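1. Got a predicted structure here, sequence first:
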There are 2 protein chains.
Amino acid sequence: MKRIADSTVRRLSAYLRFLEESARRGITTISSDELAKRGGTTSAQVRKDLSFFGSFGKRGLGYAVDELIDSLREILGLGRQWSVIIVGAGKIGTALAQYEGFRRRGFIVSAIYDRDPRKVGESVSVTGTELNVRDIAQIERDIARDKPDIAVLTVPGEDAQALVDRLVRAGVKAILNFAPVQLRVPADVALRSVNMAMELEGLSFALSNRNPTAVHADR
Amino acid sequence: MKRIADSTVRRLSAYLRFLEESARRGITTISSDELAKRGGTTSAQVRKDLSFFGSFGKRGLGYAVDELIDSLREILGLGRQWSVIIVGAGKIGTALAQYEGFRRRGFIVSAIYDRDPRKVGESVSVTGTELNVRDIAQIERDIARDKPDIAVLTVPGEDAQALVDRLVRAGVKAILNFAPVQLRVPADVALRSVNMAMELEGLSFALSNRNPTAVHADR
DNA sequence: GCTAACTTGTGAAACGATTCACAAAGGAGC
DNA sequence: GCTCCTTTGTGAATCGTTTCACAAGTTAGC
């Protein structure tokens, strides 16, 4: 029961994406080396990543594309649909709600919230349907009733930690945070943060230090 | 000079954010331990991170908040303004253009592009001003003339690599990618990627494997 | 059935990042 | 000036991840 590194999980996602593309092109078999080239890593890394979960290849031959896709989807928990709520109906929140890539991968946006009374009741078109913005005041009740799997947080930084605390208390076990702050959650809650200001600062640093520091990081 | 790890740069951003908050609250001095608590790390880590760039504290006392803010801004290259172009005027591109956090930190959106003729010419309100969506066809000419520092890529995955190649050929040295694909750039171009599908898959994995029993056992 | 060509799966080695632990330095009280 | 308390800066130890290197399994050709 080994702990799987975050970087490993990210690479598995990348492999899956490339495998799906390969399948669409009719490729049926692929080697760890081909997979590595496209994922920007090495064949040993690919094999090591997969070896945490079992052995999926055939020596001398490589991996069966369709089988490996199935295995990776299983490993990543993509064999089912996940329901997602979006907390914060600002520009980014509504843009995410409308991003069809989510639905395509099984992440279904089931509700969107804001605390601004002027926004509550407004209609947001989510791929395939329409959702009305709900009042954040009712979020605890809704969570108790609907048991969403994942909350996406797109509120101003000042409000983020207080909202996370409410979400966690209400029983949310996975949060994707877009607010530009460092959040604290209990150990049993999964948290990922996307901090665009931080990414831009990373680029700023790279541009300012264009010495040997070959910053070429695509996680 | 030693190569600075990506994780270090991210933490420096986090320290800076917390320091700015502390300054607003009137705190003038801070220890590595306080800084660590808030950044979710350890005091030794904080001191090590800073030690790559010099020695900024006073033994027995800690760090002067204002001085450390200045030093970090200098290190991260935030002592100047950076001009940013946004490539792709879809939902996410326009949402980012309007995100005022960028401007506040010195990242000025100077142009936004799309290839859809119906979008070209449309007006997008960027904090403080208005920008007209330009035709991607003219992006090489514009880059040669305006020399933007950073390009933010918010186009569909299928188009992303081809566009990156054009941007790189035109002389762009830093790219922030939002397309859900693994991009290749030359070593002298800084690249950061934000892949929301990958983040959601990371949460999916965490939710699926949270009874840490099923994950791997044998050998 | 044998050989050659290939590719996986995996211990071991190398590498890189984090944490430890402590000497050095600054401030406060007397 | 001396002692005590605090906190930095940093070499050394530790820990975790990546890369190496090779035995073992698979296919193809003859």
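-> Received the coordinates, thanks. Residues are numbered from 1 along each chain as shown, chains lettered A, B, ... in the order given.
2. Residues of chain A that sit close to DNA strand C?
-> Neighbours of DNA strand C within chain A, by Cβ under 7 Å from any atom of the strand: A:31-33, A:43-44, A:47-48, A:50-51, A:55-63. Yep, even glycine has a C-beta here, placed from its N, CA and C like the rest.
3. From the residues you listed, list just the buried residues.
-> Buried subset of the residues of chain A next to DNA strand C (neighbour count, 16 or more other Cβ atoms under 10 Å in any protein chain shown): A:31-32, A:47, A:50, A:56-57, A:62-63.
4. Could I have the CA atoms of stretch A:71-85 written out in PDB?
-> Provided in PDB are the C-alpha atoms of stretch A:71-85 (Å, rounded to 0.1, in the frame of the first residue of the first chain):
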ATOM      1  CA  SER A  71      -6.800   0.300 -17.000                       C
ATOM      2  CA  LEU A  72      -5.800   3.900 -16.700                       C
ATOM      3  CA  ARG A  73      -9.400   5.100 -16.600                       C
ATOM      4  CA  GLU A  74     -10.000   2.500 -13.800                       C
ATOM      5  CA  ILE A  75      -6.900   3.600 -11.900                       C
ATOM      6  CA  LEU A  76      -7.900   7.300 -12.100                       C
ATOM      7  CA  GLY A  77     -11.400   6.600 -11.100                       C
ATOM      8  CA  LEU A  78     -12.900   7.700 -14.400                       C
ATOM      9  CA  GLY A  79     -15.100   4.700 -14.800                       C
ATOM     10  CA  ARG A  80     -18.000   6.700 -13.300                       C
ATOM     11  CA  GLN A  81     -19.400  10.200 -13.400                       C
ATOM     12  CA  TRP A  82     -18.500  12.700 -10.700                       C
ATOM     13  CA  SER A  83     -20.900  15.500  -9.800                       C
ATOM     14  CA  VAL A  84     -19.300  18.900  -9.400                       C
ATOM     15  CA  ILE A  85     -20.500  22.100  -7.900                       C
END
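5. Any buried residues in that stretch, and which?
-> Here stretch A:71-85 shows A:71-73, A:75-78, A:82, A:84-85 as buried, counting by 16+ other Cβ under 10 Å.
6. Please enumerate the strands of chain A.
-> A:29-30, A:57-58, A:62-64, A:82-87, A:107-114, A:123-126, A:129-135, A:150-153, A:174-177, A:190-193 (DSSP state E).
7. Out of these, which is the most enclosed?
-> Among the strands of chain A, strand A:150-153 has the highest mean neighbour count (mean count of other Cβ atoms under 10 Å in any protein chain shown), at a mean of 26.
8. ok, back up a step: is it possible to export the buried ones among the residues of chain A next to DNA strand C to JSON lines including distance to DNA strand D and pLDDT?
-> Formatted as JSON lines, those follow (distance: Cβ to the nearest atom of the strand, whole Å; pLDDT from 0 to 100):
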{"residue": "A:Ser31", "distance to DNA strand D": "11", "pLDDT": "97"}
{"residue": "A:Ser32", "distance to DNA strand D": "9", "pLDDT": "97"}
{"residue": "A:Arg47", "distance to DNA strand D": "7", "pLDDT": "98"}
{"residue": "A:Leu50", "distance to DNA strand D": "11", "pLDDT": "98"}
{"residue": "A:Phe56", "distance to DNA strand D": "12", "pLDDT": "97"}
{"residue": "A:Gly57", "distance to DNA strand D": "9", "pLDDT": "95"}
{"residue": "A:Gly62", "distance to DNA strand D": "10", "pLDDT": "96"}
{"residue": "A:Tyr63", "distance to DNA strand D": "12", "pLDDT": "98"}
